[in-house]
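> below is the structure, and that's it, no one-letter string:
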């Protein structure tokens, strides 16, 4: 947690999301492509941006952790 009054990001760009999940960007793209990781696509055409909502990533992690029997 930060102690300053800077607003928390609501969504992360792919590189930030991969770093936050402690996985490679390549693995994040594969998980996204396979529909395992929640994302939001913003814009249209070639300028479409993929964002990963922080709350959705946290919910996904919590559901993934319990489905796998917890981290050991």
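Great, that's in hand. Here the structure is a predicted model, which is why all the values come from computation and not from measurement. Residues are numbered from 1 along each chain as shown.
> once you drop chain neighbours, what's closest to residue 38?
residue 56 (4.0 Å; Cβ to Cβ, 6 or more residues apart in numbering). Glycine gets a C-beta too; all of them are placed from N, C-alpha and C.
> quick one: mean pLDDT for the host helix or strand of that neighbour?
Taking DSSP states H and E as the definition, residue 56 sits inside helix 54-67. In this model, helix 54-67 has a mean pLDDT of 82.
> okay, buried residues for it please.
Within helix 54-67, the residues scored as buried using 16 or more other Cβ atoms under 10 Å are 54, 57, 60.
> with stretch 19-26 instead?
For stretch 19-26, the neighbour count (16+ other Cβ under 10 Å) marks 20-21 as buried.
> what's in contact with that stretch?
12, 14-15, 18, 28, 31, 57, 61 (Cβ atoms under 8 Å, 6 or more residues apart in numbering).
> cheers, nothing more for now.
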